[in-house]
Every structure is written in C-alpha cells, then in structure tokens.
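Student: prediction below, plus the sequence it came from.
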Amino acid sequence: VKSVFLDCLPDDWDENTVYEHLKKYGEIVNVTLAHSMPSAKRKDFGFINFSTREAALACIDGVNKDGVGDGANK
C-alpha cells in the first residue's frame, strides 16, 4: 500500500499545502484532493500517493500521532 487517505482537511488547503506538510515522511508521487473530484459529495479529504510503502506507513503513523499542520487534522 502506497496511498494514504486523509480526512478533515481545511477548506483552504490545496495540493501544494498538503505536499509541504507531508513530504517529511517520504517522496510523494501525487496528491489528489476531493475539491478536484467532481463526483465527491464532501470536499474535505484527499489521497496522497507515496513512492514507497514505508513512506506511506510513516505518514499514517505520524498523522495518527501528531495530526497534520496544527495537529488538529487527522
């Protein structure tokens, strides 16, 4: 598994913001946010694809422990 689902993202975050907050976990291949998915009913989530399984797992562990950004979003 190299893809991570992130929920409850702030409305003002774009792909670059997500990238900047999560790049510490490893190489990010792609960030896809719900606001760019026409069929998404909610717009506060996204998928982050890492180059390795280890980076994806590190992201999951880090976000579960510390949150994202100010720590409020998981």
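Tutor: Everything's here; your move.
Student: please, where are all the strands along this structure?
Tutor: 3-6, 28-33, 46-50 (DSSP state E).
Student: partner strands of the second one, parallel or antiparallel?
Tutor: Strands adjacent to strand 28-33 in the sheet, as given by DSSP bridges, are strand 46-50 (antiparallel).
Student: do the first one as well
Tutor: Taking DSSP bridges as the criterion, strand 3-6 pairs within the sheet with strand 46-50 (antiparallel).
Student: ok, what's across the strand from the residue lying closest to residue 29 once chain neighbours are set aside?
Tutor: Of all residues not flanking residue 29 in the chain, residue 49 sits nearest, at 4.5 Å (CB to CB, 6 or more residues apart in numbering). Using the backbone N, CA and C atoms, a C-beta is placed for each residue, glycine as well. Here residue 49 sits in beta bridges with residue 3, residue 30, going by DSSP bridges.
Student: so for residue 49, what pLDDT did the model give?
Tutor: For residue 49, the pLDDT comes out at 99.
Student: from residue 12, how far off is it?
Tutor: 22 Å (CB to CB, to the nearest Å).
Student: any stretches of the protein with poor pLDDT?
Tutor: Low-confidence segments of the chain, defined by pLDDT under 70: 70-74.
Student: on that earlier part again, which of residue 49 and residue 12 has more residues huddled nearby?
Tutor: More crowded of residue 49 and residue 12, by other CB atoms under 10 Å: residue 49, with 15 against 6.
Student: show me where the chain has its helices.
Tutor: 15-22, 53-66 (DSSP state H).
Student: would you mind giving the ones you listed as a markdown table with mean neighbour count and distance to residue 3 added?
Tutor: Formatted as a markdown table, the helices of the chain follow (neighbours: other CB atoms under 10 Å; distance: least, CB to CB, whole Å):
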| stretch | mean neighbour count | distance to residue 3 |
| --- | --- | --- |
| helix 15-22 | 16 | 12 |
| helix 53-66 | 15 | 7 |
